[in-house]
Structures are given as C-alpha cells and as structure tokens.
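Enquirer: Provided below are the primary sequence and the corresponding predicted coordinates.
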Amino acid sequence: MKNLLRYALTRILLTIPMLWVLLTLVFVVLRVMPGDPVSAMIGGHAPERVIEEQKEKLGLNRPILVQYFAYLGDLARLDLGNSMIYNQKVSQPLLEKLPATLELTIVGMGFTMLIGIPLGAYAASRRRTGRDFGIRLFGNVAYCIPVFWMGLMLQLVFGIWLNLLPIAGRTGPRVYASEFQKTGFYLLDTLIAGQWASFGDVAVHLLLPSLTLGIVLSGIFIRLTRANMLDTLKADYVLAARARGIPERRVVYGHALKNAFIPVLTMLGLQFAALLAGAILTETTFSWPGMGRLLVERIYLRDYPTIQGVIVMFAFFVSIVSLIVDLIYAVIDPRVRY
C-alpha cells in the first residue's frame, strides 16, 4: 500500500510540469499567431485610436511576460479569467459545454471497447483465416479514416438515405432540457427524471456521433488486442486449459483475454486524449453543443482566455484519466510500482 501511495504521488507531481509546459506553449502560440481579439470584434479597418483603446482595455498592449505571469497568477487562484469577446467568465461556457463533451467521449469510448476488443480477440483465435484478415483490414481502414469523413458518411447513410437517425443536435425540437437538466449529462438526467421518451430521443441523437468516434478508434484496439492475444494464447496455462477439455470460447474470452487486457487498459487511458481531439471534429460535424465546438468558435474570434480555458480543461481530464489508468495498472501489476 505504501508503494502504491508513493507511486500515485509521483504521478501527480509529474503531471504538474506537463500541464505547465502545455499551457505555456498555448499561451505563446496564441499571441504570436496573426490576428487578435480586437480585430475580430471591431474589424481591421477601425481607426487606430479605437484599436489601441480596446487593446489597452483588454491588457493586450502589455509585455507578453507580464500577461503570462498574470495568467499564471489567475490559474493559481483557480480563475480562468474573463472572455475578451463576451461579458462573462470563461468558466461559465466551459461548465455549460463540458457535460456534453464528456458524455459523447464516454459513450464513444464504450463503442470503441465493444467493437475493438471483441473483434481483436476473435481475430487472434482465428489466426491466418479469412475472418482474421477481414477484421485486420477493417481495423486498418477504420484507423486511417478521418473522423469527420466517417461522421459525414454515417450522416449520409443513416440520416439522409435511410432516414433512421438524426444527424445534428443533442435533442429533438420537442424535448426541452430545462424540464430535466440537473447534471448536464442528458442520459443520466432523463433517467433520474424518469422521462423515458426524452431518454430515447437523447440516446438516438447521441448514437451517430459516439459511433463515429468508436469506429475510428476501434482500429487501434483491434490490432493491440489481437497482438496481445496471440502471445497469451501460446502461454502454458492456456495450453493446459485446452488439454483439460475446457471449451475454446471460455479459454479465449475467460482466460486469455483477461491477461491480454492489461496493455489494452493502458492504451485506453492514452486514447482518451485522442477521443477528446476527435470530439472537436465530431462536434463540429454533428452540431454537437460541446467544448470542441466552443473551441472552434472561439478560435475564429481569437478569444484567448476561453481558448486557454478549454485547453486547460482538456489537459486536466486527460491527466486525470491517465493517472487513474496508471493506478489501476499498478494495482493489477505490482511490478510497475518499483
């Protein structure tokens, strides 16, 4: 237990400099890029005096080091600052949009696991057969497809041609979130409120965007699970289980898959960052009101504090998930603690 606590503390301390480097890079890149919030607000043809007055008001005319340390000071007080475009705290839109992105990411991760892990295990159990080659081909193609293109194809097939699923938004026009919204996670809120019709509407709207993320990222888990299963299926205990006459399905999914799952678990944490990155494009494609769409909108407006706030939030959740996965890994395999 002592070693596990020391390992957890070390991982937490290593997270702090990683976040600092990321925030510093984002801060510098935003300010050296062409354009600024003033030009986005009042246009580039405004009188120079008006532009300078607005920059003075927003603090953009101060030296970049002064702006940087002021920003770090605000972060130390857990203050993400104020939007340069809208009269609101940065935390306000983040808290409004965060549940939508997390809900999409969590369900997308569920689809990733449901598609990638069973297919990878099945391919390994049917090594060098037509089914194995077919699954591997699907995994390679899925991993190479851009997430926005996959989203557009699913919209075209299931939304336009078959007219089975909605292609945009988080709810239909007859569902009012104000009637059930408590946590911001619509699936959970509708369950708590017992509004089954609204739950079905929310689930149907969530299906295509989350399936888009799940299919694209399932490719890497198909390959990873298959590779680890091939090694595990050669282990002595698997051969012994087969010699005792245990059914092949139980050997593959009950014995081998459990031991092959440890590296896959580590990759799940690493791919959480890819899911958040994919959510940005997916939310834009499906008009999903989450943080990814907010980030894209504020990039166009050069709203520095909000852009930095979204990056901070993304980095924080990626770090938390990575830490949780590492701790679970340390519990499963005590060797990583030393």
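Expert: Happy to help now that I have it. Numbers count the residues shown, from 1 in each chain.
Enquirer: contacts and neighbour counts: CA atoms only from here.
Expert: Fine.
Enquirer: Of all residues in this protein, which one is nearest the centre?
Expert: Leu276 (2.3 Å; C-alpha atoms, centre = their mean).
Enquirer: Give me the neighbour count for Ile324.
Expert: 16 (other C-alpha atoms under 10 Å).
Enquirer: Then Ile16?
Expert: Neighbours around Ile16, by other C-alpha under 10 Å: 12.
Enquirer: Can you say which helix or strand has it in it?
Expert: For Ile16, the host element (DSSP states H and E) is helix 2-32.
Enquirer: following that helix, which helix or strand shows up next?
Expert: Once helix 2-32 ends, the next helix or strand along the chain (criterion: DSSP H and E) is helix 37-42.
Enquirer: Quick one: distance of that next one to the chain centre.
Expert: The chain centre lies 30 Å from the centre of helix 37-42; the measure is C-alpha atoms, centre = their mean, to the nearest Å.
Enquirer: contacting residues for Arg242?
Expert: Arg242 makes contact with 248, 251, according to C-alpha atoms under 8 Å, 6 or more residues apart in numbering.
Enquirer: ok, and the closest non-adjacent residue to Tyr283?
Expert: Check again: residue 283 is Glu, not Tyr. Arg293 (5.7 Å; C-alpha to C-alpha, 6 or more residues apart in numbering).
Enquirer: coming back round to it: what's the average pLDDT for the helix holding Ile16?
Expert: The pLDDT scores in helix 2-32 average 80.
Enquirer: Output the contacting helices and strands for that helix.
Expert: helix 304-332 (3 or more C-alpha pairs under 8 Å, 6 or more residues apart in numbering; DSSP states H and E).
Enquirer: For the helix it packs on, buried residues please.
Expert: Within helix 304-332, the residues scored as buried using 16 or more other C-alpha atoms under 10 Å are 304-315, 318-319, 321-327, 329-330.
Enquirer: same question, stretch 283-300
Expert: 283-286, 288-296, 298.
Enquirer: so Lys182 sits in a helix?
Expert: No - applying DSSP: H, G, I helix; E, B strand; the rest coil, one finds Lys182 to be coil, outside a helix.
Enquirer: what's near enough to touch the closest residue in space to it that isn't next to it in sequence?
Expert: Using C-alpha to C-alpha, 6+ apart and skipping residues adjacent in sequence, the residue nearest Lys182 is Asp189, 6.1 Å away. Asp189 sits next to 180-183 when contact means C-alpha under 8 Å, 6+ apart.
Enquirer: element containing Leu98?
Expert: Per DSSP H and E: helix 91-125 holds Leu98.
Enquirer: Run through the neighbouring helices and strands of the helix or strand just after that helix.
Expert: Next helix or strand after helix 91-125 toward the C-terminus (DSSP H and E): helix 130-144. Under the contact criterion of 3+ C-alpha pairs under 8 Å, 6+ apart, helix 130-144 touches helix 91-125, helix 196-232.
Enquirer: Tell me which other helices or strands the shortest one touches.
Expert: The reference is to helix 91-125. So helix 91-125, by 3+ C-alpha pairs under 8 Å, 6+ apart, packs with helix 130-144, helix 196-232, helix 257-285, helix 291-301, helix 304-332.
Enquirer: Run the chain-centre distance for that helix.
Expert: On C-alpha atoms, centre = their mean, the centre of helix 91-125 falls 7 Å from the chain's centre.
Enquirer: buried sites along it?
Expert: 91, 93-94, 97-113, 115-125.
Enquirer: quick one: it to helix 257-285, angle?
Expert: 140 degrees (axes from the mean of the first three to the mean of the last three C-alpha atoms, to 10 degrees).
Enquirer: Please apply the same query to the longest one.
Expert: Calculated by the same axes, to 10 degrees, helix 196-232 forms an angle of 130 degrees with helix 257-285.
Enquirer: Following element in sequence after helix 196-232, please.
Expert: helix 236-243.
Enquirer: angle of that next one against helix 196-232?
Expert: 100 degrees.
Enquirer: Which residues belonging to helix 236-243 are considered buried?
Expert: Quick answer for helix 236-243 (16+ other C-alpha under 10 Å): Val238.
Enquirer: immediately after that helix, which helix or strand?
Expert: Criterion used, DSSP H and E; the element after helix 236-243 is helix 248-250.
Enquirer: How far off centre is that following helix?
Expert: With C-alpha atoms, centre = their mean, you get 34 Å for helix 248-250.
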